[in-house]
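J.: give me the fold of what follows.
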Amino acid sequence: MRGWLIAIGVLALMIVGFLFVKGPSPVIIVAPEHIFDIGPLGVTNTMFTSWFVVALICAVAIIAGRNMSVVPSGFSGAVEALVSGFYGIVVSVAGEQNGRRFFGLVATIFFYVLVSNYFGLLPFNMVIGKPEAGHGEKQVYFKQMSVLGLDMAYIPVGPDECEGTECASAQAAEPAGHGALPPAGAPGAGAAVSAAAGGGGTVLAAAEEAEAAPEGTSGLLAPWFRSVNTDVNAPMALAIFSFIFVEFWGLTTLGPGYLKKFFNFGGLLRGNPMGIIDVFVGFLELLSELSRVVSFTFRLFGNIFAGEVLLTMMTFLVPFVLVDIFFGLELFVGLVQAFVFAMLTLVFAQTAVAMHGGGEHETAGEGHH
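T.: Numbers count the residues shown, from 1 in each chain. Okay, the predicted model is just below:
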């Protein structure tokens, strides 16, 4: 009997969610939306979100650091335990000396990617943003408001939909006094709502008639918040930093001899014909190092963007039930991707400071295992 009651309750939640709470029809947009300018710098929503992530991490570090004690407890103790646990993992891989050397970058990558991934799952992502003039076959139906003199808009639950001329006529029929929209040529006027990473629903929809929702507006919405790593530029920047530091550690540890790993012309210059193999192997090593930037970038970007799309579709199709399961999956994926990115950086750094010669693997620096 209890099993039947649970099944009936789940079915009821699915029906109620599908009929009354589901988001607008999903449309997937890859590029981040432009939301404002700071001088010549155009700020996108992923860039804006990354500033909040950095501010959040700094605030946690400052608050936890103020209450540090010999016997940590409470919030400071939790933060210290988290950092100490990750430090133990780094030391177990790289040894005490190299572990201390690599920990700063590896930990920064891990915690930044982790917080960015989890921040992108909060329900206000892709729902609140800047109202803009609508164009195209589909538009967003949103409601406008003003906070501290700043124009805002949000997508309500269960918006009506329209297409083409219906949207245009609905927008034209909008009563005066609902706030003017930017002209068609305004920057970002072509922006569209894409995957919503939090139960608020996603993407493009519009009012069927202006009379049906007199407080609403038919147009486009450029959301303020979007998961940072759904913008390919963010994972690429992290991958480039990882590459630069790995090569820097290799050079500072092994000196100019580190470059022989890529440019080994010694045998060829000594007249040994087999030296051409060393040159070819060095070229492959260089190509492998550069390809890490590409693999790091698209591994993180692909997993996080795919998760955003998955949550978008589940929010539209089956709110309240399946979407919760996939939220749990995305919590796990966000942690795994942060850990994989950080650990690969650590392993490549450890490999870079290790000397290879005479068929034996020697170590550079104490404490390397």
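
J.: for residue 62, give its distance to residue 68.
T.: 11 Å (Cβ to Cβ, to the nearest Å). To be clear about C-beta, it is placed using only N, CA and C from the backbone, and glycine gets the same treatment.

J.: ditto for residue 344
T.: From residue 344 to residue 68 the distance is 31 Å (Cβ to Cβ).

J.: cool, and residue 41?
T.: From residue 41 to residue 68 the distance is 37 Å (Cβ to Cβ).

J.: and these two? Which one has more around it.
T.: residue 68 (11 against 8; other Cβ atoms under 10 Å).

J.: secondary structure element holding the nearest residue to that one once chain neighbours are set aside?
T.: Spatial nearest neighbour of residue 68, excluding adjacent residues (Cβ to Cβ, 6 or more residues apart in numbering): residue 76 at 5.6 Å. Element membership of residue 76, judged by DSSP states H and E, is helix 74-119.

J.: next SSE downstream of that helix?
T.: Following helix 74-119 toward the C-terminus (DSSP H and E): strand 128-132.

J.: residue 256 - how many residues pack around it?
T.: 7.

J.: quickly note the distance from it to residue 300.
T.: Distance from residue 256 to residue 300, by Cβ to Cβ: 33 Å.

J.: go on, residue 98?
T.: 24 Å.

J.: next: residue 94.
T.: From residue 94 to residue 300 the distance is 22 Å (Cβ to Cβ).

J.: what do you get for residue 100?
T.: 26 Å.

J.: check residue 287 too.
T.: Counting by Cβ to Cβ, the gap from residue 287 to residue 300 is 21 Å.

J.: those two: which is more packed in?
T.: A direct count of neighbours by other Cβ under 10 Å for residue 287 and residue 300 places residue 300 higher, at 24 against 10.

J.: wait, the more buried one sits on residue 339?
T.: No - between residue 300 and residue 339 there is no contact under Cβ atoms under 8 Å: 11.4 Å.

J.: what mean pLDDT does the host helix or strand of residue 293 have?
T.: Element membership for residue 293 (DSSP H and E) is helix 275-317. The average pLDDT for helix 275-317 rounds to 88.

J.: thinking again about what came up before, tell me how far the residue nearest to residue 68 lies from residue 100.
T.: 22 Å.

J.: picking up where we left off before, name the helices or strands packed onto the helix holding residue 293?
T.: helix 233-254, helix 266-269, helix 322-352 (3 or more Cβ pairs under 8 Å, 6 or more residues apart in numbering; DSSP states H and E).

J.: which stretch among those comes nearest residue 11?
T.: Smallest distance to residue 11 across these (Cβ to Cβ): 12.4 Å, for helix 322-352.

J.: using CSV, lay out the helices and strands packed on helix 275-317 together with distance to residue 55, mean pLDDT and mean neighbour count.
T.: Below are the helices and strands packed on helix 275-317 laid out as CSV (distance: least, Cβ to Cβ, whole Å; pLDDT from 0 to 100; neighbours: other Cβ atoms under 10 Å):
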stretch, distance to residue 55, mean pLDDT, mean neighbour count
helix 233-254, 16, 94, 18
helix 266-269, 51, 70, 12
helix 322-352, 19, 92, 18
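
J.: for these, give me JSON lines that also has distance to residue 105.
T.: Below are the helices and strands packed on helix 275-317 laid out as JSON lines (distance: least, Cβ to Cβ, whole Å):
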{"stretch": "helix 233-254", "distance to residue 105": "5"}
{"stretch": "helix 266-269", "distance to residue 105": "32"}
{"stretch": "helix 322-352", "distance to residue 105": "7"}
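
J.: closest to residue 106 out of those?
T.: helix 322-352 (4.9 Å).

J.: report all helices and strands that the closest one contacts.
T.: helix 74-119, helix 233-254, helix 275-317.
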